[in-house]
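Sequence and predicted model, in that order:
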Amino acid sequence: MRNQAWVECGIDLPCSAWLRTGRLSVKISTLFAFLHEESMRALAELLERDEPALALIQAWAQEASIPVECLPASEQGDSVLLALQVTTRSPLGAVAHGTGGILVDGGWLRMLGCGHARLTRDIASWNRGRSSGFLLIADDAVGGFFAINGGALGEDLGAVHYLAPDTWAWESLGIGHTAFMQWAFTERLRDFYRDLRWEGWETEVADMGNDACLSFYPFLFTEQGSVRSSSRKPVPAAEHYAFMSQSELPGLG
């Protein structure tokens with residue numbers, strides 16, 4: 001019951017409300033402009049001078065109840081922000097420009113930024129050729145992917161959805177990106193993944209790095225699949241996403 005964990009976390013504003021909350025706002029039409037090669041705003045228009053959200057994110061990370069590490073930004077920060085076309089007044093733009101990514105709970109959850117040696121995928125290049133009508137923003141160690149809905153995943157524009165490895169389906173979480181970040185920095189993250197963790201996961205996750213995820217067989221979305229009984233091995237995140245995003249899996253249709 002993953003969605004119940006979100007309801008219980010205390011962040012119960014609908015995604016539309018979060019998208020309208022002043023400095024935390026994200027304009028959905030501009031968020032997806034780079035995917036369709038629409039007219040682009042200049043870098044100076046995207047860099048917020050008065051109220052950048054990076055300091056807010058850093059404060060959330062420092063106050064988090066679980067380990068949160070904001071990786072230093074790479075030299076690609078400007079180009080990633082230009083591609084994304086959101087301002088650094090929003091947490092999404094601030095993460096993309098001001099961090100190389102964010103590692104939560106020892107790298108179990110990886111939020112994409114502008115790239116770093118420990119998380120080489122940047123949010124702009126990661127989305128090219130992989131997303132259409134949504135924006136991939138984060139992924140986890142067990143092969144789940146998070147995205148902001150731009151229309152392809154349902155009518156709840158701006159809501160974060162989860163492509164779950166144990167259901168092989170996109171599930172709406174009913175909240176926007178800002179609420180998603182705040183939630184992910186709390187113990188509720190561990191509640192959400194309670195059934196997808198096993199004894200000793202910390203060592204396996206640390207050893208495989210943040211550009212990989214674990215592939216399970218039998219698959220977790222089958223009756224035989226389980227994180228405790230299925231065999232597992234690290235695979236590149238790109239390879240696993242290509243597998244998970246197929247419209248029909250080989251041998252299961």
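The structure has been received and is ready for your questions. Numbers count the residues shown, from 1 in each chain.

Buried residues, whichever strand or helix holds Cys213. List them.
Assessed by DSSP states H and E, Cys213 sits inside strand 212-217. Residues Ala212, Cys213, Leu214, Ser215, Phe216 are the ones in strand 212-217 that count as buried (16 or more other Cβ atoms under 10 Å). For the C-beta atoms, the positions are set from N, CA and C on the backbone; glycine is no exception.

for the record, mean pLDDT for that strand?
The average pLDDT within strand 212-217 is 97.

what helices or strands is the helix or strand just after that strand leaning on?
Downstream of strand 212-217, the next assigned helix or strand under DSSP H and E is strand 231-236. With contacts taken as 3 or more Cβ pairs under 8 Å, 6 or more residues apart in numbering; DSSP states H and E, strand 231-236 sits against strand 212-217.

how about the strand it packs on as CSV, C-alpha atoms only?
The C-alpha atoms that make up strand 212-217 are tabulated as CSV, following Å, rounded to 0.1, in the frame of the first residue of the first chain:
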residue,chain,number,x,y,z
ALA,A,212,23.2,1.2,-11.6
CYS,A,213,20.2,-0.5,-10.1
LEU,A,214,19.4,-4.1,-9.1
SER,A,215,17.7,-6.4,-11.5
PHE,A,216,15.7,-9.3,-10.0
TYR,A,217,14.8,-12.7,-11.4
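
Counting by contacts, list what that strand packs against.
Judged by 3+ Cβ pairs under 8 Å, 6+ apart, strand 212-217 is in contact with strand 231-236, helix 237-244.

Partner strands of it, with direction?
Here strand 212-217 has these sheet partners by DSSP bridges: strand 231-236 (antiparallel).

buried stuff in the partner strand?
Arg232, Pro234.

just the angle between that strand and helix 237-244, please?
In terms of direction (axes from the mean of the first three to the mean of the last three Cα atoms, to 10 degrees), strand 231-236 departs from helix 237-244 by 120 degrees.

who touches strand 231-236?
Glu204, Met208, Gly209, Asp211, Ala212, Cys213, Leu214, Ser215, Phe216, Tyr217 (Cβ atoms under 8 Å, 6 or more residues apart in numbering).

Show me how far it is from its chain's centre.
The chain centre lies 20 Å from the centre of strand 231-236; the measure is Cα atoms, centre = their mean, to the nearest Å.

my guess is Gly133 contacts Ala152, does it?
Yes - assessed by Cβ atoms under 8 Å, Gly133 is found in contact with Ala152 at 2.6 Å.

if I pick Trp170, what's in contact with it?
Here Trp170 is in contact with Ala147, Leu153, His161, Tyr162, Leu163 (criterion: Cβ under 8 Å, 6+ apart).

So which of the residues you listed are in strands?
The strands, defined by DSSP state E, take in Ala147, His161, Tyr162, Leu163 from the contacts of Trp170.
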